[in-house]
Structures are given as structure tokens and as C-alpha cells.
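Student: structure for the following, please:
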Amino acid sequence: MAKPVRSGTLEAPLCAGCTDTEQLWQACPTCGAAERLAGGPCRRCTLGDRVHQLLADDEGVVTPELQPLQQALAGAERTATVLNWLHRSAAAEVLASLGRGTRPLSHDALDELAPEKTVEHLRSVLVATRTLPERDEQLMRLERWITATLDAVPDPERRHLLQHYAVRHLLRRLRTRNRNRPTTHGQATGIRQRVRAAEVLLEWLAGQRLTLANCQQADLDRWLASDQARYRLQASGFVRWAVTTRRTTSRLQGLDRTWNGPAELLDSEQRWAQARRLLHDDSLELDDRVAGLLVLLYAQRAATIAQLSTADVDTENDVVRLHLGATPVELPEPAADLVRALLATRAGHATIGQPATTGWLFPGGQPARPVSAAQMGPGYERSGYDPTRPVQPPCSGSPPRSPPRSLPARSASPSTSPSTGNTSPAATGPATPPKSAAEPAPTPTRPVPRLGLRRLTAARTAPNPAERRGRRCRSPADTAAS
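Tutor: The predicted structure follows:
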């Protein structure tokens, strides 16, 4: 059988086994590594020269403040990706200005640049290499957005009112609730919507020659029923704040966001079938398996899972404990083995920065940043869980076989059941769980509907029909957001 030609000439072709690799690959003149067919420096040396050229000052010396960044860029594992980033993006110009000293090495200096993705990625690289200190980026972006939004309001009285609502109420409440924890994308988006809603309502009142102080309930109802009303629910929060702070003479009432139970129903059989697959199917991504188990067994939201850090995992004494709230949760096997493996192999898509240098359990695409909840959902669905509607269990007059409603997001704890006092598993699962989570999954008798992470966070077990009638309450998430 003829072998493929790998080298040689037309007169004397050579296969791979007869090819002399020492003569085929040319050595780098700088480091001596033989990895190029043509002569010239290798990619590693080319990257090192390029980084030194950008970060060096007029005398060709890299300052001590930029040396960690130089080492991280020159020692990146994927040299071709870093070279392409420095060649095609505007980051090279910013790095050159930092190296020459024409731009100060600070967050404020980067804030003066246009808010582009290139600048934000460069900022994350500087933070990951300890060149810049860490800060709450979502909060900083939100403050800049609020400042720009208030400056665009022409009327001084409306601008002053919006400033009190946005800065002294929304931002102050956000800092109090977070307690030095980083702001999530969902929190920043919610505050932006509330500020826009207040601006839209005040603009409509000005068009009707009204102010918030003399607005009556009939005027507010007229706006809520009009086609010009946007962000009705968010504007209702602004109205409640105005009434509480006595900025209006009327007891105005907006729309109340109510919670009528879970959006979808997931019975116990489907739930344990999903959990078994996440525990035993090695074809799924490890981070998706751990995230899905936290959703199914501990009722955690995607935003909460994305913010977990390695400090939230305790692996002392061969026991894995996960801090999901005030009390750590002891994970059973084999879920504990999956978390141990995730700690050892976790890696995001960032080119710069190793997993050991980041403290996030689910690192994201930017260095020193966690994965976002929006990125976690599609990644989980690509692992095989399409967002199809689960089968609703049949209703009957007898008590349902499904377990009680899942606990709130931060109440997962290996405590006793509040209704019976008996010890129950930390996961809010069926009354009689499988004998062992490590047992192989049984052969299903019918196809198991696949469920995406976004559907899993909204799905809850079926409540008692008698318990659902007449119930009308607000969810904890809605209460916190109002």
C-alpha cells in the first residue's frame, strides 16, 4: 500500500516514517526551538518581542508595575491568540500609552476611553495579572450610566428627583443588600429599567402639564392604560417610593407584581431522572453537570451559581461542603466527587490567566471574571437539555405524590424538615429518594423530557391543588427587586 508523501522531492518523495524531522523543522535563532518549516523566530519569541516593544518606555525598560503583565502576556499558552489580539484590536495602542507613561496606570484612566469591549477585556487582563486592583465593574458601569442619563434630562427639577431616586434609594439599597459582594448583571439591568421607567413617567407628566406632586390616581391610571406607558411594573416601584417619601400629595397605587405559583411543573420522577443523568453521564461537560445538580437538588438560580467562588467550597476531612447560605451544605457522593473534579480542572475561555489565579468556581470568558448567568444557560442546553415543556402530573382529589415546593435560592441546608421534623436530604426531592445516588441509573421505560437550565430555574414541583386555590403572594425575588 502506498503511503502519503510528507517530504522529499518529486524525484525522491518520502513518507512520514522516512522523513528526517531534524532537517525538516528549522530551529528558532533565539531560543533554538524547532517548530517552523521556514526560518525565523518562533511564535513564543515573536510574542515576547512584541510585548516588550509595547510595554517598554523610551529607554527600552519595562517598569516594575507592568512587569507582571509582561510575564503573563509573553507566557500565555495560546501564543497565536494573544498575537492576533495585539495585532487586530485597539488594545496595543492602549498598552503602548501605558508603557510610555503618557496614560496613567489606573481605572480612572481607562474610564476616560470609549466604553468598548476591547477596553473592558484589557481591564480584566490588568486585574487578572494584579496590575490593577479589583473593583465592582458592574457597579461602576451602572454609576457611569446613571450619571450620563441624569445629565441628559433637561429639566432641573426632574433631574434632581431622578437623582434622589437613583442614587440615594436604588444604589444605596443595592450596596446594603450586596454587602461588598460584586453586583450581578441582573441587578444592574433591573436598576436601569427602574430609572428609565421613572424618567418615562415624569416625561409623560410634564407633557400633560402635571408634576409628581399634584398627580392624582386618575392621571396615573390614564398613563398605565395608554400606549405610551413603558416599564409599567418598574414605574410602580417609583410611585411607591414617591408615596413613602411624601413627594406626592395623593396615595397613588401602581401595578403590583404578583406570583401565582411556578411557571412550570416538574414531577419527582422527571427530577430524579435528570439528576441521575447529570451524576452518571460523562459525555456532559463537568461544569454543566455541577450547575445542573445545584439547580435540581438545591433550588439555586443561575445567577447565584455563577457567583460561587472556590472559597465557598470546603474539602477538609474528605468531606465536601458548599456554602450556599449561612449554613454550609454537605454534598453526598458522587456529587462531591464532581465538585472535587471541577476544582481541579476548572478553566474558562480566557487566554490569559491560569485557573489557579482566579477564585471563581465557574470562570468565564474574561480573566478574573465569572461566567454570566446568560452564558451558563445556553451552555447547559448544548449539553443535551433542550428547553422542552415537562409533563404535568395528573391532578386528583388525593394528596399529590410529589414533594413540597422547593426551598428558596439561599435556604438550601441539611436541616430537618419543617413539617415532620425527620431528617431529609438537603435536596428538596421526593419523600423516598433512591437508595444511593451512586447506583447506576435504571433503564427508563419512557423517554425523559429534556430541560434547559433556564427552565430548571423556573420549574418547581407540583403543589397540592387545594394549596394553590386562592393563593396570591409575591415571590422573594420580586420582593427584593421592588
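Student: from here on, contacts and neighbour counts on C-alpha atoms
Tutor: OK.
Student: Ser268: how many residues sit nearby?
Tutor: Neighbour count of Ser268, defined by other Cα atoms under 10 Å: 22.
Student: quick thing: my sequence starts at 14, can you match it?
Tutor: All set: I'll call the first residue 14, so the last point we hit is now Ser281.
Student: can you list the low-confidence ranges for the protein?
Tutor: 14-15, 19-20, 29-30, 32-39, 45, 47-52, 270-279, 360-371, 378-381, 386-495 (pLDDT under 70).
Student: how is it carved up into domains?
Tutor: According to automatic domain parsing, the chain comprises the domains 30-141, 150-257, 277-425+438-488.
Student: could you dump those to TSV with distance to Gly267?
Tutor: TSV is the format used below for the domains of the chain (distance: least, Cα to Cα, whole Å):
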stretch	distance to Gly267
domain 30-141	36
domain 150-257	5
domain 277-425+438-488	15
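Student: nearest to Val18, of those?
Tutor: Val18 lies closest, by Cα to Cα, to one member of the domains of the chain: domain 30-141, at 9.4 Å.
Student: check which element follows the helix or strand containing Trp217 along the chain.
Tutor: Element membership of Trp217, judged by DSSP states H and E, is helix 198-220. Per DSSP H and E, the first helix or strand lying C-terminal to helix 198-220 is helix 230-237.
Student: residue contacts, Thr22?
Tutor: Residues near Thr22 by Cα atoms under 8 Å, 6 or more residues apart in numbering: none.
Student: how far away is it from Lys16?
Tutor: Per Cα to Cα, to the nearest Å, Thr22 is found 15 Å from Lys16.
Student: just give the closest residue to Arg171, not the sequence neighbours.
Tutor: Distance criterion Cα to Cα, 6 or more residues apart in numbering; nearest residue to Arg171, sequence neighbours excluded, is Leu215 at 7.1 Å.
Student: tell me, how many residues neighbour that neighbour?
Tutor: If you count neighbours by other Cα under 10 Å, Leu215 ends up with 20.
Student: cool, Arg253 as well?
Tutor: By the measure other Cα under 10 Å, the count of residues near Arg253 is 17.
Student: please identify the buried residues of the one helix or strand it maps to?
Tutor: If you go by DSSP H and E, Arg253 is part of helix 245-257. Applying a neighbour-count criterion of 16 or more other Cα atoms under 10 Å, one finds Arg245, Leu246, Gln247, Ala248, Ser249, Gly250, Phe251, Val252, Arg253, Trp254, Ala255, Val256 buried in helix 245-257.
Student: I'd say the fourth one and Ile204 touch.
Tutor: No - under the criterion of Cα atoms under 8 Å, Ala248 lies out of contact with Ile204, with a separation of 11.3 Å.
Student: against Thr257, how distant is the residue nearest to Arg171?
Tutor: According to Cα to Cα, Leu215 and Thr257 sit 17 Å apart.
Student: between the two ends of stretch 185-200, how far is it?
Tutor: In stretch 185-200, first residue to last residue: 13 Å (Cα to Cα).
Student: ignore the last one, stretch 85-95
Tutor: End-to-end distance of stretch 85-95 (Cα to Cα): 11 Å.
Student: ditto for stretch 161-176
Tutor: With Cα to Cα as the measure, stretch 161-176 spans 11 Å from end to end.
Student: which positions in it come out as buried?
Tutor: Thr162, Leu163, Arg171, Arg172, Leu174, Leu175, Gln176.
Student: tell me who's in contact with the last one.
Tutor: Applying Cα under 8 Å, 6+ apart, one finds that Gln176 lies in contact with Leu163.
Student: which residues of the chain fall in strands?
Tutor: Assigned by DSSP state E, the strands in the chain fall at 20-21, 26-27, 39-40, 47-49, 277-278, 326-327, 334-335, 342-343, 472-473.
Student: for Glu170, see how far away the residue nearest to Gln230 when sequence neighbours are not counted is.
Tutor: Take Gln230 and drop its neighbours on the chain: the residue closest to it by Cα to Cα, 6+ apart is Leu265, 5.5 Å away. Computed as Cα to Cα, the Leu265 to Glu170 distance reads 20 Å.
Student: now Val308
Tutor: 46 Å.
Student: please apply the same query to Leu233.
Tutor: According to Cα to Cα, Leu233 stands 19 Å off from Glu170.
Student: got it, and Thr323?
Tutor: 48 Å.
Student: how about Trp217?
Tutor: 15 Å.
Student: equivalent analysis for Val384, please.
Tutor: Distance, Val384 to Glu170, by Cα to Cα: 41 Å.
Student: now do the contacts for Pro81.
Tutor: Per Cα under 8 Å, 6+ apart, neighbours of Pro81: Thr142, Arg143, Thr144.
Student: let's see 7 Å
Tutor: Taking Cα atoms under 7 Å, 6 or more residues apart in numbering, we find Pro81 in contact with Thr142, Thr144.
Student: then Ser119?
Tutor: Contacts for Ser119 (Cα under 7 Å, 6+ apart) come out as Leu145.
Student: how much space separates Thr76 from Gly112?
Tutor: Relative to Gly112, and taking Cα to Cα, Thr76 is found at 8 Å.
Student: sorry, that was for Glu170
Tutor: Taking Cα to Cα, one finds Glu170 at 46 Å from Gly112.
Student: same check, this time on Ala69
Tutor: In this view, Ala69 and Gly112 are 5 Å apart by Cα to Cα.
Student: more neighbours: those two, which one.
Tutor: Counted by other Cα under 10 Å, Ala69 and Gly112 do not tie: Gly112 has more neighbours, with 25 against 22.
Student: count the residues that sit near the nearest residue to that one once chain neighbours are set aside.
Tutor: The shortest distance from Gly112 to any non-neighbouring residue, by Cα to Cα, 6+ apart, is to Leu68 (4.1 Å). For Leu68, the count of nearby residues is 25 (other Cα under 10 Å).
Student: and for the one 5 residues further on?
Tutor: Here the count is done by other Cα under 10 Å, and Gly73 has 13 residues near it.
Student: likewise the one 4 residues further on?
Tutor: Using other Cα under 10 Å, Pro77 is surrounded by 10 other residues.
Student: for it, give its distance to Arg314.
Tutor: Distance, Pro77 to Arg314, by Cα to Cα: 42 Å.
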